[in-house]
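In: generate a structure from the sequence data that follows.
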Amino acid sequence: MRNPFHRRQRGRHAWIARRGCCDTEVRFGRGTCHDLDISTIIPECEPLAKIEGTHLLNPPVQDQSLLYIVLNAWVPAFVTVILGGFVASIVVPGIQRRYQRYQMKLDKKTELCEGTAKAFGRYIVSWRRLRQISELERQRALTPEEADRKRGFVAERNGRRDDLFDCLRVCRLYSSQEVCSELVRFMAWDEQQSAMPLSDLPPLDDWRRWEGQLIGMLKNDIR
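Out: Next up is the predicted model:
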């Protein structure tokens, strides 16, 4: 006959141990453990609620007051709307206006650089024509037709010089200080050459060097 005290002891040592994601019911009999790591044994006196966490049996009640709803639902949406409106109505248009002004200035610099290069080239051509006919005049007397042509070359040189100087003056409004200083130096140098006789003028390569230097600086200043 089985000992009733032993049956009570075996029932007293039977409990459920949770391992991983599934429940494994482990029963003890006569002090022997079957298929159970001793480190997972849960004392029989500890309630299952403490093992899993009391919030599973008694979950915390969230604050459902009006202040909670406002802070967690309305305020984030309201802030998002305000920030979105600020960005769309102030920040983005300001960036667009600055970009448009920058693009307009860039286009103007490019236009002036191209115009100055053309004007400089025409100015040098007029100087070359005038010097050629002056060289012919030193060799012999000019015919009436050649004299009229020379006067036309002088007028052409003066007009193209005015066109070039107009371009350079406008360039000074959009160029850096370094470029402006070089433009002023060339204009002062050219003024001196224009007051000299044709026979005393420097070689035409001096104008070509000025052309390459100034056009290169204007091109590099486009940014």
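In: how close does residue 190 sit to residue 167?
Out: To residue 167, residue 190 is 13 Å away according to C-beta to C-beta, to the nearest Å. All C-beta atoms are positioned from the backbone trio N, CA, C, and that covers glycine.
In: the more surrounded of those two?
Out: residue 167 (21 against 18; other C-beta atoms under 10 Å).
In: who are the contact partners of that one?
Out: Neighbour list for residue 167: 112, 115-116, 119 [criterion: C-beta atoms under 8 Å, 6 or more residues apart in numbering].
In: can you give me the helices in the protein?
Out: Using DSSP state H, the helices assigned to the chain run over residues 4-12, 48-52, 54-57, 66-69, 75-86, 92-139, 144-174, 177-194, 205-220.
In: tell me the mean pLDDT for the fifth one?
Out: To tie it back to what came earlier, the one meant is helix 75-86. Averaged across helix 75-86, the pLDDT comes to 68.
In: show me how the chain divides into domains.
Out: For the chain, the domain assignment from automatic domain parsing gives the residue ranges 4-57, 103-220.
In: could you list the low-pLDDT ranges of this protein?
Out: Where the chain drops to pLDDT under 70, the residues are 1-64, 66-71, 73-75, 77-79, 81, 84-89, 91-94.
In: if we go to 90?
Out: Along the chain, the model assigns pLDDT under 90 to residues 1-107, 134-135, 137-140, 142, 194-202, 221-223.
In: CA-only coordinates of stretch 163-174 in CSV, if you can.
Out: Coordinates of the C-alpha atoms in stretch 163-174 are reproduced here as CSV (Å, rounded to 0.1, in the frame of the first residue of the first chain):
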residue,chain,number,x,y,z
ASP,A,163,32.2,100.8,-76.2
LEU,A,164,35.0,98.9,-74.4
PHE,A,165,35.2,101.4,-71.6
ASP,A,166,31.4,101.3,-71.1
CYS,A,167,31.6,97.6,-70.7
LEU,A,168,34.5,97.9,-68.3
ARG,A,169,32.7,100.4,-66.2
VAL,A,170,29.7,98.1,-65.9
CYS,A,171,31.9,95.2,-65.0
ARG,A,172,33.2,97.1,-62.1
LEU,A,173,29.7,97.0,-60.6
TYR,A,174,29.7,93.2,-60.4
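In: buried ones in that stretch?
Out: Across stretch 163-174, burial judged by 16 or more other C-beta atoms under 10 Å covers 163-165, 167-168, 171, 174.
In: and what of stretch 113-124?
Out: Buried residues in stretch 113-124, defined by neighbour count with 16+ other C-beta under 10 Å: 113, 115-117, 119-120, 122-124.
In: and what of stretch 147-163?
Out: So for stretch 147-163, counting by 16+ other C-beta under 10 Å, buried means 150, 153-154, 156-157, 160-161, 163.
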